[in-house]
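Novice: Quick check, what structure comes out for this input:
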Amino acid sequence: MSATNKPPIENHAVVLDTSIAKHPRLVVEIPPEQEETVRDALEALLQIKTGISAQTIVLDALRIAAEQTYFWTPEWRAKEQAAEKAIAEGRVRTFNAMEEMLDFLDAQ
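Specialist: Numbers count the residues shown, from 1 in each chain. From the prediction side, this is the model:
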């Protein structure tokens, strides 16, 4: 539990709804037991006095989500899962310099 004694928000279903082609929607499933946590977070956004409205913050987040809809396609999600699996299994390699990476690729 967090300092506010509320359960942390966990990763749940995120779906790109393209049933209306001109207006795709990013749909996030929020379990009933976490609705209050989400509501409290949104209310906290409304109370921030930074000169930026909560509406601006939410609209910017939605714009970014719309620009990145490719990320939520089944094909991209499968690639992300494959990459996460490769990382977990240690099947990745990092390089300190571009030349080192190019030498590695040339040797393949």
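Novice: Any regions of the chain where pLDDT drops low?
Specialist: Applying pLDDT under 70 to the chain flags the ranges 1-13, 49-51, 54.
Novice: can you give me the strands for it?
Specialist: For the chain, the strands defined by DSSP state E occupy 14-17, 25-28.
Novice: Quick check: buried residues in the last one?
Specialist: Buried residues in strand 25-28, defined by neighbour count with 16 or more other CB atoms under 10 Å: Leu26. All C-beta atoms are positioned from the backbone trio N, CA, C, and that covers glycine.
Novice: And for stretch 15-26?
Specialist: Using 16+ other CB under 10 Å as the test for burial, stretch 15-26 gives 16, 26.
Novice: and that stretch, how far from the chain's centre?
Specialist: 17 Å (CA atoms, centre = their mean, to the nearest Å).
Novice: Any idea how far apart the tips of that stretch sit?
Specialist: 6 Å (CA to CA, to the nearest Å).
Novice: what does it contact?
Specialist: Stretch 15-26 is contacted from outside by 14, 27, 29, 62, 65-66, 69, 72-73, using CB atoms under 8 Å, 6 or more residues apart in numbering.
Novice: Of all pairs in those residues, which one is the farthest apart?
Specialist: For those, the farthest-apart pair by CB to CB is Glu29 and Ala66; their separation is 18.8 Å.
Novice: follow-up on the earlier one: select, out of the strands of the chain, the one closest to Phe104.
Specialist: It is, among the strands of the chain and with distance given as CB to CB, strand 14-17, at 34.9 Å.
Novice: Give me the sheet partners of the closest one and which way each runs.
Specialist: Strands that pair with strand 14-17, judged by DSSP bridges, come out as strand 25-28 (antiparallel).
Novice: Now do the helices in the chain.
Specialist: With helices called from DSSP state H, the chain shows them at 35-47, 54-67, 74-88, 98-107.
Novice: Bridged to Arg25, which residues?
Specialist: Asp17.
Novice: ok so, going back, so can I have TSV of the helices of the chain showing mean neighbour count and distance to Ser19?
Specialist: Converted to TSV, the helices of the chain look like this (neighbours: other CB atoms under 10 Å; distance: least, CB to CB, whole Å):
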stretch	mean neighbour count	distance to Ser19
helix 35-47	11	24
helix 54-67	12	16
helix 74-88	11	15
helix 98-107	10	42
